[in-house]
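> okay, sequence plus prediction incoming.
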Amino acid sequence: MKMFDVNYVGGTFGTNAKWFNVEGQNVQVVTIQESEDGKYSELYYIVSNDDGKTFETRQLVKGGENYHFGRPHVVSDGQTVVVAFQHSRYGSSPYHTIVLTSFDGGQTFSDKEIDLSQ
């Protein structure tokens, strides 16, 4: 898998959007990896609860064929973690925004699609 450039900020999420978050001893990163053949991408949540000494990686979403993700962002407040990203099937438009929410410090996430095209 190859890593996307995760330095993008701004766009439809605004200039304060970010792909990483630091709160106390917690470091959180969301990143997108593309398959070797470029047919799909996967969204990962990487977290450290010990000031970055160790990290745990969790796959949040795996796309199907020609299913791609973009613009991942993460914020948190205590045990609440929110991850937002866009997705689209190759060649289709518009992108759709998905928000994943966790109320247990990132152990589990629920999702909601937000249609911004209307």
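Sure thing, it's come through.
> residue nearest the centroid of this protein?
Pro72 (3.9 Å; C-alpha atoms, centre = their mean).
> pretty sure that residue contacts Thr97?
No: applying C-beta atoms under 8 Å, one finds Pro72 not in contact with Thr97, separated by 11.1 Å. (C-beta placed from N, C-alpha, C; glycine too.)
> low-confidence bits of the chain, can you list those?
1-18, 66, 89-94, 113-118 (pLDDT under 70).
> all strands for it, in order.
For the chain, the strands defined by DSSP state E occupy 2-3, 20-23, 26-34, 41-48, 56-62, 67-77, 80-89, 96-102, 110-114.
> how far off strand 96-102 does the fourth one point, in degrees?
Yep, that's strand 41-48 we're talking about. On the basis of axes from the mean of the first three to the mean of the last three C-alpha atoms, to 10 degrees, strand 41-48 is oriented at 30 degrees to strand 96-102.
> okay, now the sheet partners of strand 41-48, with direction.
strand 26-34 (antiparallel), strand 56-62 (antiparallel) (DSSP bridges).
> look up how far Arg58 lies from Gly106.
Distance from Gly106 to Arg58, counting by C-beta to C-beta, to the nearest Å: 8 Å.
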